[in-house]
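Chemist: kindly generate the corresponding structure for this input.
(one chain, ligands or ions: 1)
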Amino acid sequence: MNEYDSEKTVDILKDKKNVTVTDSPEDADIVLLNTCSIREKAEAKVYSDLGRLRKLKEKNPNLKIGVGGCVATQEGKNIMKRAPYVDLIYGPQTLHKVPELLDIKKESGIKAIDITFPIEEKFDSLPSPSSSGPSSFVSIMEGCSKYCSFCVVPYTRGDEVSRKPEQIFDEIARLVEQGVSEITFIGQNVNSYMMPLNGRMLRLSDLIEISSHIEGVKRIRYTTSHPLDMTDDLIDVYKSVPQLVSQLHLPVQSGSNAILQKMKRNYTTEHFIDVVTRIKKTRPDLRVSSDFIVGFPGETKEDFDLTMELVNLIEFDSSFSFIYSPRPGTPATKLNDPVSLNEKKERLSILQATLNSFHHEHSVQMEGGIERCLVTGIAKKSPDQLQARTECNRVVNFDFTNSDLIGNLIDIKIEKALANSLLGSIHKN
Ligand code: SAH
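Modeler: So this is what the prediction gives:
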């Protein structure tokens, strides 16, 4: 999401301020820090980065420094107080206002700060999308109204707002014109999407179905979704839409119902297993990845064992796992947390070792098989190879120099599973 926000901020600045992007802060007239506050002491990192930028500003007094993203929402005016050389502060929902904020002169006495949540206005003012390759994100909703007890998102990005379907389809059509063939619907909870069109309420399943008829859309993904909103209609599109990949990222967080309840997730592990089982009926090859939090306040050894049981049952693919990190203003910070950090670290390493071994095992299982892959570009390490992605989103490198293949779906024979990628060759029928 942050990557997407950064790209949009650049698009807006290119559109309104005619900027070009540089890799080196020393050459820049504007430096924006797009921050994340989902875990850890992100605030501390922002202040240390700002300390470095201050030196650049001493050399170049015209340099404009801005802080955006969720730390900006949380810290707000504190940043201006602690780092008065910062010129502008904006949140994830006001990135479209960066050009205006840049125009405010310090001498005017007006504070260049806007951390409100005008989400619809933001959607309305995003410039025409520009693609950078055959795969593109399409934002369909913003914010979150689930209020999980550990999570800062509703406070930093605001409550859920869905984007107008016309805007979404228009954006997809423009991206396809530019050669995009894979779209990933993104948002905090994409499967809680709900917006009317011509008197009918559209959900994520409808967006997937309708987009699959836009010529040139060869693959569809979505992230992140919430287990509670995996409704029947969404499970059904796995039957009716072949472009929807057989890969699902569905954050479960824990395998213990007691912990899920304390997290305020509002589902049980049984529900999670049922969703996966039902999709697998139509897609036996479905790969499921997830997010896990270990060491949530009060998590016992038994709770953790239940998480491991679930991991072994589902055999999750490439997943993310984290030690619980107390976030300012969230209800979970008030819970009693007797488990030591060492114990939490140990649980995390047990979990990660198992997740990694499933990931590797799945890669090895692919050896010798044929995978339908989207060719995404030239391989990172070798100009004589092209790079493609499997449905389960693994990188496959294969020998071929004809860049015309980029953007196409082709069959690749998987020759070898490496630690972070696969080696393949074009499959000739
Ligand atoms: N919308 C998704 C969450 C996306 S945030 C959902 O509701 O499941 C990405 C991941 O960060 C979460 O799935 C969770 O595993 C992790 N996370 C969020 N808050 C956290 C916290 N306070 N401590 C540790 N991990 C956290």
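
Chemist: for the chain, give me the ranges with low pLDDT.
Modeler: 429 (pLDDT under 70).

Chemist: tell me the residues of it that contact the ligand?
Modeler: 38-39, 150-151, 188-189, 224, 226, 251, 253, 291, 293, 322, 324-325, 327 (Cβ under 6 Å from any ligand atom). The way it works is simple: take the backbone N, C-alpha and C, and place the C-beta from them, glycine included.

Chemist: which residues of the stretch 251-400 of the chain fall in helices?
Modeler: If you assign secondary structure with DSSP state H, counting those that start in this stretch, the helices in the stretch 251-400 of the chain sit at 257-263, 269-282, 301-314, 341-366.

Chemist: deepest in the core, which of those helices is it.
Modeler: Stretch with highest mean neighbour count among the helices of the stretch 251-400 of the chain: helix 257-263 (a mean of 19; mean count of other Cβ atoms under 10 Å).

Chemist: and stretch 148-161, end to end?
Modeler: 17 Å (Cα to Cα, to the nearest Å).

Chemist: quick one: residue 265 and residue 228 touch, right?
Modeler: Yes: at 7.3 Å, residue 265 counts as touching residue 228 under the criterion of Cβ atoms under 8 Å.

Chemist: and residue 144, which of the helices of the stretch 251-400 of the chain is closest to it?
Modeler: helix 257-263 (13.7 Å; Cβ to Cβ).

Chemist: for that closest one, name the packing helices and strands.
Modeler: For helix 257-263, the packing partners by 3 or more Cβ pairs under 8 Å, 6 or more residues apart in numbering; DSSP states H and E come out as helix 301-314.

Chemist: distance between the helix it packs on and the chain's centre?
Modeler: The chain centroid and the centroid of helix 301-314 are separated by 25 Å, computed with Cα atoms, centre = their mean, to the nearest Å.

Chemist: ok, now how distant is residue 367 from the ligand?
Modeler: Distance of residue 367 to the ligand, computed by Cβ to the nearest ligand atom, to the nearest Å: 31 Å.

Chemist: for burial, what's the neighbour tally of that residue?
Modeler: Burial measure for residue 367: 14 neighbouring residues, criterion other Cβ atoms under 10 Å.

Chemist: for it, grab phi and psi.
Modeler: The phi and psi values for residue 367, taken as degrees, to the nearest 10, are phi -60, psi 130.

Chemist: so who does it touch?
Modeler: 414-417 (Cβ atoms under 8 Å, 6 or more residues apart in numbering).

Chemist: now do 7 Å
Modeler: 414, 416-417 (Cβ atoms under 7 Å, 6 or more residues apart in numbering).

Chemist: can you pick the most crowded of these?
Modeler: Neighbour-wise, the contacts of residue 367 (other Cβ under 10 Å) top out at residue 414, 24 neighbours.

Chemist: tell me what that residue is bridged to.
Modeler: Per DSSP bridges, the residues bridged to residue 414 are residue 424.

Chemist: ok, residue 196 next?
Modeler: Residue 196 has these beta-bridge partners by DSSP bridges: residue 201.

Chemist: from the ligand, how far out is it?
Modeler: Relative to the ligand, and taking Cβ to the nearest ligand atom, residue 196 is found at 24 Å.

Chemist: with residue 334 instead?
Modeler: 13 Å.

Chemist: distance from stretch 80-95 to the middle of the chain?
Modeler: That offset, for stretch 80-95, works out to 23 Å (Cα atoms, centre = their mean).

Chemist: what does that stretch rub up against?
Modeler: 5, 8-9, 12, 47, 50, 54, 57, 64-70, 72-73, 76, 79, 97-98, 101-102, 111-119, 122, 142, 156-158.
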